[in-house]
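S.K.: Using only what follows, build the 3D model:
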Amino acid sequence: MPVDALDTRILRLLLEQPRTSVREYARILGIARGTLQARLDRMEREGVITAGGPALSPAALGHPVLAFVHIEVTQGHLDAVGNALAEVPEIIEAHSIAGGGDLLTRVVARDNGHLEDVIQQLISMQGVVRTRTEVALRERVPRRLLPLVTAIGRAASAPGRGGESAQPSPPSG
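M.R.: Next up, the predicted model:
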């Protein structure tokens, strides 16, 4: 079931004020706490809300170097390599991809020497043919979902969609 206008208002509030209580969210939204909780539970079940933990900074944890490593894998070894990647703590994300390579990983490191060590570890994995590394210099757009949720909320509230007409004001900044 797609999210509706109320769902998007809830999601915006979660993104804008992540440390607020459910009771306070319900008060701000002008809905019953039970309604809010039911909506949150449904969105978790459906995979719309996927995490409730804090967002951590690898740089603040002593790993300021960020690289994207493309990995080409021998046919038939994708699952095995994916499982091996899960054992490398510096790999904070890995995706199967179409296009140049088979896997795209997001890797963090303490410094360039440490990054080289991680890449050498990847190259030595059974089934890895080659890697290509791109080092990030500066984050230009941080991971964000609020603009997407706002756009979805506008679409859900559009005439003929059956959504609510009142939307919270757009975030400043």
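S.K.: just the helices in this structure please.
M.R.: 5-16, 22-29, 33-45, 78-85, 112-123, 146-157 (DSSP state H).
S.K.: hey, which of those is tucked in deepest?
M.R.: helix 5-16 (a mean of 21; mean count of other CB atoms under 10 Å). Glycine gets a C-beta too; all of them are placed from N, C-alpha and C.
S.K.: Give me the mean pLDDT for that one.
M.R.: The average pLDDT within helix 5-16 is 93.
S.K.: ok, residues contacting that helix?
M.R.: 3, 20, 25, 28-29, 31, 36, 39-40, 43, 48-49, 145-146, 149-150, 152-153, 156-157, 163-164, 167-168, 171 (CB atoms under 8 Å, 6 or more residues apart in numbering).
S.K.: same thing but 6 Å
M.R.: 25, 39, 146, 149, 152-153, 156-157, 163-164 (CB atoms under 6 Å, 6 or more residues apart in numbering).
S.K.: I'd say H70 and R132 touch.
M.R.: Yes. The pair H70 / R132 is scored as a contact, 4.4 Å apart, by CB atoms under 6 Å.
S.K.: neighbour-wise, which of those two wins?
M.R.: Ranked by neighbour count (other CB atoms under 10 Å), H70 and R132 place H70 first, with 17 against 13.
S.K.: Excluding residues flanking it in the chain, which one is nearest the more buried one?
M.R.: Among residues not flanking H70 along the chain, G101 sits closest, at 3.8 Å (CB to CB, 6 or more residues apart in numbering).
S.K.: where's the residue minimising distance to the centre of the chain relative to D117, distance?
M.R.: With distances taken as CA atoms, centre = their mean, R143 lies nearest the centre of the chain, 7.0 Å away. Going from R143 to D117 by CB to CB, to the nearest Å gives 26 Å.
S.K.: Regarding stretch 74-94, how distant is the last residue from the first?
M.R.: 17 Å (CA to CA, to the nearest Å).
S.K.: Looking at it now, give me its mean pLDDT.
M.R.: 97.
S.K.: Perfect, I'm done here.
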